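Peer 1: Predicted coordinates and the sequence they were generated for:
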Amino acid sequence: MSSNNERIWCPSGELRPLSFAQAPKKDLAFIVVNRNRRDLTDYLCHQILNFTNTTDLTYDLFVVDIGSEPAQRSPFTTIEYEDSDFRGKCYAHNVGVRQAALTADYRYYWAMMNDLRFDGQPDAMMRMIELMDSNPEIGILSPTNIGEGKEYPGADPQPGHVFRKVPVCDYLALMLRGQVLHEVGFLNPEFRYCWGAIHELSYKVYRTGKWSIAYCDTVHYEHLGGTTYGKTKNVVSRDEYTLNAKRFAASYFVKQYGRDWDEKFTDALPTDVTLKETYSRHRTYWEESLVSEKNCRNSFFHNIWRKIKNG
């Protein structure tokens, strides 16, 4: 499969804007990212192939490799690049989405992290697509989570529901409607630490007044979590990643959308959306990092002043 590298990256190395093929028409593009964890990636890819065994839906599988060691490159890889400056998985998914968009005209795109398991659910893809086909107001659909991170607001399965509209879903397994990708776009690759990228995209989706974000309660994954932090080249420790992610998101949204950004985002939500406090809740969580940073600076300068005062 041609990678179309020159149509994905500018000569300067920056990502080009999204471009779309007009044909052939296909149902779904899977996009998975690998960084030195071939075991995880290959397991998920085999599950994806199992999804498709009993359907007539047309699909393609794209695997983006982020500068893995030769032995850790998956045989499913469709495009790869070096990542010496750590541009992160959000950037990598952007590369994969661009490769897919140049390959065919897909009705849906399903971007996944590689540390997910869909054990015992060979019909997961069909359930997701059927749900989106029958509910055209859903712009982005995520399965629910029974593994690490299931405490993310709304992420765990809710008995008695097929799907629930939420302000934002976790960025682990996003199925996007092709029309959303055409009209709104994808996650912002500037979020090298991922946190907050789905919040910005969800706001842009809701702002159109045409689509919603939802969790699917009839499909779930087990998120293994914490599989590469500090364990593979060019990846920071989990604590450092978390701190950097919080600080970037806390500063970015105020800079881009104003000091009342969480209120603006909440005001864009339709009446039937649950968990409307999510934006403000996450803002508080992210800004804890700025408070601690300020306290550290104050403590640092206070110690210097005290040393000067005491001679």
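Peer 2: Done, it's in.
Peer 1: Tell me where the model's unsure across this structure.
Peer 2: Where the chain drops to pLDDT under 70, the residues are 1-3, 227-236, 292-311.
Peer 1: For it, which segments count as helices?
Peer 2: For the chain, helices defined by DSSP state H occupy the ranges 5-8, 38-51, 88-101, 124-134, 178-183, 197-207, 238-257, 261-267, 278-309.
Peer 1: so Gly258 makes contact with Lys264?
Peer 2: Yes: with contact defined as C-beta atoms under 8 Å, Gly258 reaches Lys264; the gap is 7.0 Å. C-beta: built from backbone N, CA, C; applies to glycine.
Peer 1: more neighbours, the two?
Peer 2: Just comparing Gly258 and Lys264: by other C-beta atoms under 10 Å the higher neighbour count belongs to Lys264, 14 against 11.
Peer 1: residues touching that one, list them.
Peer 2: Neighbouring residues of Lys264 by C-beta atoms under 8 Å, 6 or more residues apart in numbering: Tyr203, Tyr257, Gly258.
Peer 1: wait, the first one sits on Ala268?
Peer 2: In this case it means Tyr203. Yes: taking contacts as C-beta under 8 Å, Tyr203 lies within contact range of Ala268: 6.1 Å.
Peer 1: Next, show the common contact partners of the two.
Peer 2: Residues touching both Tyr203 and Ala268 do not exist when contact is defined as C-beta under 8 Å, 6+ apart.
Peer 1: who's more crowded, those two?
Peer 2: Remark: of Tyr203 and Ala268, Tyr203 carries more neighbours, 23 against 17, as counted by other C-beta under 10 Å.
Peer 1: Can you get me a residue count around the spatially closest residue to Thr55 that is not a sequence neighbour?
Peer 2: Beyond its immediate neighbours in the sequence, the residue positioned closest to Thr55 (C-beta to C-beta, 6 or more residues apart in numbering) is Met126, lying 5.8 Å away. As a burial measure, the neighbour count of Met126 was computed by other C-beta under 10 Å and equals 16.
Peer 1: residues contacting Met126?
Peer 2: Listed by C-beta under 8 Å, 6+ apart, the contact set of Met126 reads Phe51, Thr54, Thr55, Leu57.
Peer 1: What is the burial count for the third one?
Peer 2: This means Thr55. One way to gauge burial is a neighbour count; for Thr55, by other C-beta under 10 Å, it gives 15.
Peer 1: isn't it right up against Ala124?
Peer 2: No: applying C-beta under 8 Å as the test, Thr55 and Ala124 come out as separate, 11.1 Å apart.
Peer 1: what's the spacing between Thr144 and Leu243?
Peer 2: Noted for Thr144: a distance of 28 Å to Leu243, by C-beta to C-beta, to the nearest Å.
Peer 1: For the two, work out which one has more neighbours and name it.
Peer 2: Using other C-beta under 10 Å as the criterion, Thr144 and Leu243 rank with Thr144 on top: 24 against 16.
Peer 1: so where do the strands sit in the stretch 1-150 of the chain?
Peer 2: If DSSP state E, counting those that start in this stretch is used as the criterion, the strands of the stretch 1-150 of the chain fall at 25-34, 59-66, 79-81, 105-112, 116-117, 138-145.
Peer 1: Please identify the most buried of the ones you listed.
Peer 2: Taking mean count of other C-beta atoms under 10 Å as the contact definition, the stretch among the strands of the stretch 1-150 of the chain with the greatest mean neighbour count is strand 138-145, which reaches a mean of 25.
Peer 1: For it, C-alpha coordinates in PDB please.
Peer 2: Only the C-alpha atoms of strand 138-145 are listed here, as PDB (Å, rounded to 0.1, in the frame of the first residue of the first chain):
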ATOM      1  CA  ILE A 138     -23.500  10.600  16.400                       C
ATOM      2  CA  GLY A 139     -20.300  12.100  15.000                       C
ATOM      3  CA  ILE A 140     -17.800  10.300  17.200                       C
ATOM      4  CA  LEU A 141     -18.500   7.000  19.000                       C
ATOM      5  CA  SER A 142     -16.300   5.300  21.600                       C
ATOM      6  CA  PRO A 143     -16.600   1.800  23.100                       C
ATOM      7  CA  THR A 144     -16.700   1.700  26.900                       C
ATOM      8  CA  ASN A 145     -13.700   0.800  29.000                       C
END
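Peer 1: List the neighbouring strands of that strand plus their orientation.
Peer 2: The sheet places strand 138-145 alongside strand 173-177 (antiparallel), strand 212-223 (parallel), with pairing taken from DSSP bridges.
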